[in-house]
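**Q** Just the structure for this:
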Amino acid sequence: MITAPFSLVYSGIAPAFAGPLTHAGPGAAVLGRVTLGRNAWLGTLSVIRADGHYVKVGDDFHLGSRSTLHINHGIFPCIVGDRVAVGAGACVHACTVGSDVAIDDGTVILDGAVVEDNVAFAPGSTVFPGKRIAGGFLYAGSPAKPVRPLAEGEAARLRGEIAARPQPSGALPPGALAPGSHVHASVFIAGTASVRGRLVAEAESSIWYSNDLDAGAAAIRIGARTDVQDNTLIRCTTGQGVSIGRDSAVGHNVTIHDCTIGDECLIGIGSTVAPGTVVQDRVLLAAAARTEPGQVLESGWLYAGSPARKLSPLDDAKLALTRLIVGQYCEYARDFAALERRQRPAEAALASAQVPGAAR
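**A** Numbers count the residues shown, from 1 in each chain. Here you go, the predicted model:
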């Protein structure tokens, strides 16, 4: 028997499945305006979230563990063709992906990008916004560049290799807040997220689906209106802990170690913040960037690359982008909190109905 993914209606629209799933791993979530084709395989803690736009996926789709599909609010949907395999820890965001595509582990494909048919991406590739990826090639790097033409049938073989890899079998450990935690009543913690240890979360902050936050012996502090998006990992292994300021956005599939992140920052999709990093106020860390241990990211700058380096001063448009995302996520959080509250009584009633002799 295949376990159903965690699923929610959004704006009155429920996820639609063309046929039974071939697999849904523990903690997999399909949310909102999602259309999935036949023979979809969803890995452990994978997330497909269609709130501010729709997600449409074709037949024979494989989504690896801790990978994310999402949209750009009111601007770009996420459209994926037939016979596409996505590896573990990847993010396919607000873009169009053709058919017969292999997207290996840790790859990030960003807003408005178009990936043509018959493409393969090596692990850790990054496709930046608005780029067009021509068919028939293997791509690698950040930014992703063609390495060589694909051999006949190679994309199919690579898809098969991705799909055949062992997957985690268990969901996240149950959340357990430690003494000294303070979580404002307006905070949204998604139903498939896990938070362990001491958490201080201020008003209207949000912790999204499949997030794995472990404060260890320290604390995780999240400022007012800050969002920590799906499949982000936060690990505290020293006494410093993690502190994220107010009005900041942490993208999908980010890894954060003991560090300090200031106010009004945007931490891009698939990026890594190394131990001891200090991100000052109003910094944009680009998608897939990696800081160095102890690095200081100065206020008012865009940083990119691995290791992260100053790219350009932040202009008004980039600062406005952070404010826009923060506002959208405050709205999303209110919506999903209400949806989850409504779903819990229905699930309890269903469970009661399935237990012989349970009170009616």
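
**Q** From here on, just use CA atoms for contacts and neighbour counts.
**A** Fine.

**Q** Residue 297 and residue 284 touch, don't they?
**A** No: proximity of residue 297 to residue 284 does not meet the contact threshold set by CA atoms under 8 Å, at 9.2 Å.

**Q** shared neighbours, these two?
**A** Shared contacts of residue 297 and residue 284 (CA atoms under 8 Å, 6 or more residues apart in numbering): residue 303.

**Q** Regarding the protein, what is its longest helix?
**A** The single longest helix within the chain, with elements called by DSSP state H, is helix 316-353.

**Q** Would you indicate which residues of that one are buried?
**A** 318-319, 322-323, 325-327, 329-330, 332-333, 336-337, 340 (16 or more other CA atoms under 10 Å).

**Q** Residue 297 and residue 284: which is more packed in?
**A** Neighbours of residue 297 and residue 284, each counted by other CA atoms under 10 Å, are more numerous for residue 284; the result is 31 against 23.

**Q** List the beta-bridge partners for the more buried one.
**A** With DSSP bridges applied, residue 284 shows beta-bridge pairing to residue 266, residue 302.

**Q** Confirm for me that it is in contact with residue 298.
**A** No: using CA under 8 Å, residue 284 is not in contact with residue 298, being 10.0 Å away.

**Q** quick revisit: the longest helix of the chain packs against which elements?
**A** strand 188-189, strand 206-207, strand 227-228, strand 249-250 (3 or more CA pairs under 8 Å, 6 or more residues apart in numbering; DSSP states H and E).

**Q** could you dump these to CSV with distance to residue 235 and mean pLDDT?
**A** Below are the helices and strands packed on helix 316-353 laid out as CSV (distance: least, CA to CA, whole Å; pLDDT from 0 to 100):
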stretch, distance to residue 235, mean pLDDT
strand 188-189, 17, 98
strand 206-207, 14, 98
strand 227-228, 13, 98
strand 249-250, 14, 98
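
**Q** Serialize these to TSV and add fields for distance to residue 73 and mean neighbour count.
**A** Shown next, in TSV, are these (distance: least, CA to CA, whole Å; neighbours: other CA atoms under 10 Å):
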stretch	distance to residue 73	mean neighbour count
strand 188-189	19	22
strand 206-207	17	28
strand 227-228	15	28
strand 249-250	15	28
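
**Q** Distance to residue 170 added to those strands, as CSV?
**A** Listed next are the helices and strands packed on helix 316-353 as CSV, based on distance: least, CA to CA, whole Å:
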stretch, distance to residue 170
strand 188-189, 20
strand 206-207, 20
strand 227-228, 22
strand 249-250, 25
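
**Q** Residue 123: which of those strands is closest?
**A** Closest approach to residue 123 among those (CA to CA): strand 249-250, 22.0 Å.

**Q** Neighbouring strands - and their directions - for that closest one?
**A** Strand 249-250 pairs in its sheet with strand 227-228 (parallel), strand 266-267 (parallel), by DSSP bridges.

**Q** To residue 276, which of those lies closest?
**A** Comparing those by their distance to residue 276 (CA to CA), the top pick is strand 266-267, with 15.7 Å.

**Q** which residues sit against stretch 167-178?
**A** Applying CA under 8 Å, 6+ apart, the contact partners of stretch 167-178 are 25-27, 43-45, 64-65, 193-199, 210, 212.

**Q** Take those residues and keep only those in strands.
**A** Under the assignment DSSP state E, the contacts of stretch 167-178 contribute 194, 195, 196, 197, 198, 199, 212 to strands.

**Q** out of these, who's nearest residue 89?
**A** Closest approach to residue 89 among the ones in strands among the contacts of stretch 167-178 (CA to CA): residue 212, at 12.8 Å.

**Q** got a pLDDT number for that closest one?
**A** Looking at residue 212, its pLDDT is 98.

**Q** ditto for residue 269
**A** Looking at residue 269, its pLDDT is 98.

**Q** cool, residue 136 as well?
**A** At residue 136, pLDDT is 98.

**Q** mind listing what it touches?
**A** 117, 118, 119, 149, 150.

**Q** Pick out the most distant pair among these.
**A** 117 and 149 (13.0 Å).

**Q** how about the helices in the stretch 151-300 of the chain?
**A** 154-164 (DSSP state H, counting those that start in this stretch).
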